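Trainee: Dropping a prediction and its sequence here:
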Amino acid sequence: MAKRSKRYREAETKIDTEKVYSLSDAINVVKSCTSAAFNETVEVTVKLGIDPKSSDQQIRTSVGLPHGTGKSVRVAVFAEGEDADAARDAGADVVGGDDLISRVEDGWAEFDVALAPPPMMRKIGQLGRFLGPRGLMPSPKNGTLRADLGDAVKEFKAGKVEIRNDDGGNIHVPVGKVSFDRAKLEENIKAIFQHLQGLRPPGLGNRFFLKSVLSSTMGPGVRFGL
């Protein structure tokens, strides 16, 4: 087990590990446990009652957060012609066709989100082995493969986040910064749960949200319920 810092151990003493906090109280506790010299990210981790090996229970989606994440998102767009112009006008950080594909094949991946219009799939399909493991391959499931590139760029720059389960059936989603007031963090978190509720696989019943934990970058987790 990794050795925890003195600050981390001190923060742990503020948490009742046997308690499931209300969302409001969990946010207050997380904010009180931060002591880093930078503006830490607040993250929600949810253990889902899905079978991660079942293709019809995979969670891969995106959701717009009412108040964004507080992070500057670097958006790359694979596009040509009018699509490329629309992406640039909307504020994409890098836009390109064959030239951008070549850069990625050479190992460049300095972006947080990759977008593309459907016609580009015939060209960028070859990038699956580079972008797939990083979770950056454009896909209709998470809203990154779409025709309205201008709107897509604006949404992700404004704070739309991708959500996908890991091999253990967990999702990890940034929901803002510790500098956000409690109300903004609450609204962002509730937006995520409301969106996920609509993706609940049939037959799971009350077994969908098994455990929810809130934490900051350097702080301990606080279990909560909605």
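Mentor: Yes, it's here. Numbers count the residues shown, from 1 in each chain.
Trainee: Could you give the number of residues near the closest residue to residue 96 other than its chain neighbours?
Mentor: Once flanking residues are discounted, residue 96 sits nearest to residue 78: 7.0 Å by C-beta to C-beta, 6 or more residues apart in numbering. For glycine as for every other residue, the C-beta is placed from the backbone atoms N, C-alpha and C. A total of 28 residues lie near residue 78 under the criterion other C-beta atoms under 10 Å.
Trainee: Over to residue 112?
Mentor: 16.
Trainee: cool, residue 85 as well?
Mentor: Residue 85: 14 surrounding residues under other C-beta under 10 Å.
Trainee: now residue 127
Mentor: Around residue 127 there are 20 other residues, counting by other C-beta under 10 Å.
Trainee: buried ones in the longest helix seen in the chain?
Mentor: Ranked by residue count and defined by DSSP state H, the top helix of the chain is helix 182-197. Going by neighbour count (16 or more other C-beta atoms under 10 Å), the buried part of helix 182-197 is 184-186, 188-189, 191-192, 196.
Trainee: same deal with stretch 167-177?
Mentor: 169-171, 173-177.
Trainee: Let me know the closest of those residues to residue 146.
Mentor: Set against residue 146, the nearest of those by C-beta to C-beta is residue 173 (20.7 Å).
Trainee: so where is the chain shaky, pLDDT-wise?
Mentor: Flagging of the chain using pLDDT under 70 yields the residue ranges 1-3.
Trainee: For the buried residues of stretch 167-177, give me a markdown table that also has secondary structure and distance to residue 145.
Mentor: Output for the buried residues of stretch 167-177, formatted as a markdown table (DSSP: H, G, I helix; E, B strand; the rest coil; distance: C-beta to C-beta, whole Å):
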| residue | secondary structure | distance to residue 145 |
| --- | --- | --- |
| 169 | coil | 25 |
| 170 | strand | 25 |
| 171 | strand | 20 |
| 173 | strand | 20 |
| 174 | strand | 22 |
| 175 | strand | 25 |
| 176 | strand | 27 |
| 177 | strand | 29 |
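Trainee: Which pair of the residues you listed spans the longest distance?
Mentor: Within the buried residues of stretch 167-177, 169 and 177 form the most distant pair, 27.2 Å apart (C-beta to C-beta).
Trainee: elements contacting the helix or strand hosting residue 100?
Mentor: If you go by DSSP states H and E, residue 100 is part of helix 98-105. The helices and strands touching helix 98-105, judged by 3 or more C-beta pairs under 8 Å, 6 or more residues apart in numbering; DSSP states H and E, are strand 75-78, helix 121-124, helix 128-131.
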